[in-house]
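# sharing a model that was predicted from the sequence below.
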Amino acid sequence: MSGNIELLNTTLAAAKAADRAALIAYLPAGFPTVDGGIEAVKAVVAGGADIVEVGLPHSDPVLDGPVIQTADDIALRGGVRIADVMRTVREAYEATGVPILVMTYWNPIDRYGVERFTAELAEAGGAGCILPDLPVQESALWREHAEKHGLATVFVVAPSSQDARLATITAAGSGFVYAASLMGVTGTRASVGAQAQNLVERTRATTDTPVCVGLGVSDAAQAAEVAGFADGVIVGSAFVKAMLDAPDEAAGLAAVRSLAGELAEGVRKR
């Protein structure tokens, strides 16, 4: 079975054709439980998310701030496994029909086996993988298998990336480019700002692949600001925080659905 890279490509193209940015939501698998995490994905899509990134929880998430670390801890204490991540992708995709990607550090894939991981992700209906810590120069094996299985390979670029490095990264990737708007870890920020816009412009100079911005967007105003210059707006910590702050799971699902609705309005006000 082939993965859903084409669904990802057409979803991003459809948002562009509608003169807006795509809203991309991030939620960790297994948080607050495996079933609860699947319901959370359905809730953000019902609220208006176009694309969902499912996080594979990691015990040492070097790029993630305290909010996502807390959620990962809850998922790991609950015993989440790669099989649960695949189940989350499968059930979320079957229920929503939107592109579902996995965001993961490289080590779990390396241990699991690249061929096994890509084959299972494609079979589950996944659209691709975001690999924040896999160096492009070490990615040939991954890309060979991802391409074979119809999966996008999304790399992360940062404001510190030199122009030549950006060109190398964008030439190797597919689906979209993940532009990390601020140096450092994920979390909601007061202003996403000029640094992100500059990074998007520099990245666009190297590729026609859509450029989506993450790390810092938490409300509709920031979503509108980023939608003014990016092809997609990625929101993670704000959704996870809404779940963490809720008194119970039902309230958490209502909160993320509502937040997705506000953000979906924001990306349409670019």
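Structure's in. What do you need?

# okay, now the closest residue to G128 other than its chain neighbours: neighbour count?
Nearest residue to G128, sequence neighbours excluded (C-beta to C-beta, 6 or more residues apart in numbering): A152, at 2.8 Å. C-betas here are computed from N, CA, C, even on glycine. Using other C-beta atoms under 10 Å, A152 has 25 neighbouring residues.

# contacting residues for A152?
3, 5, 8-9, 101, 127-129, 146, 173-176 (C-beta atoms under 8 Å, 6 or more residues apart in numbering).

# those residues in helices, which ones?
Using DSSP state H, the members of the contacts of A152 that fall in helices are I5, L8, N9, A146.

# okay, the last one and T70: tell me how far apart.
When C-beta to C-beta, to the nearest Å is applied, the distance between A146 and T70 equals 30 Å.

# cool, the first one as well?
Between I5 and T70 the computed distance is 32 Å (C-beta to C-beta).

# go on, the third one?
Taking C-beta to C-beta as the measure, N9 and T70 are separated by 34 Å.

# same question for the second one.
Using C-beta to C-beta, one obtains 29 Å as the distance from L8 to T70.

# where in the protein is pLDDT low?
The model of the chain has pLDDT under 70 over residues 61-63, 182-192, 270.

# after the strand ranked longest in it, which helix or strand is next?
In the chain, with assignment by DSSP state E, the single longest strand is strand 22-28. Downstream of strand 22-28, the first helix or strand assigned by DSSP states H and E is helix 34-47.

# residues contacting S174?
Applying C-beta under 8 Å, 6+ apart, the residues contacting S174 are I5, G128, A146, E147, A152, T153, V154, T209.

# try D163
Taking C-beta under 8 Å, 6+ apart as the definition, contacts of D163 comprise R202, A205, T206.

# which among these end up buried?
R202, T206 (16 or more other C-beta atoms under 10 Å).

# export the contacts of D163 to CSV and tack on secondary structure and distance to A242?
What follows is the contacts of D163, written out as CSV (DSSP: H, G, I helix; E, B strand; the rest coil; distance: C-beta to C-beta, whole Å):
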residue, secondary structure, distance to A242
R202, helix, 32
A205, coil, 36
T206, coil, 35
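
# let me know the closest of the contacts of D163 to E120.
Taking C-beta to C-beta as the measure, E120 lies nearest T206 of these, at 31.9 Å.
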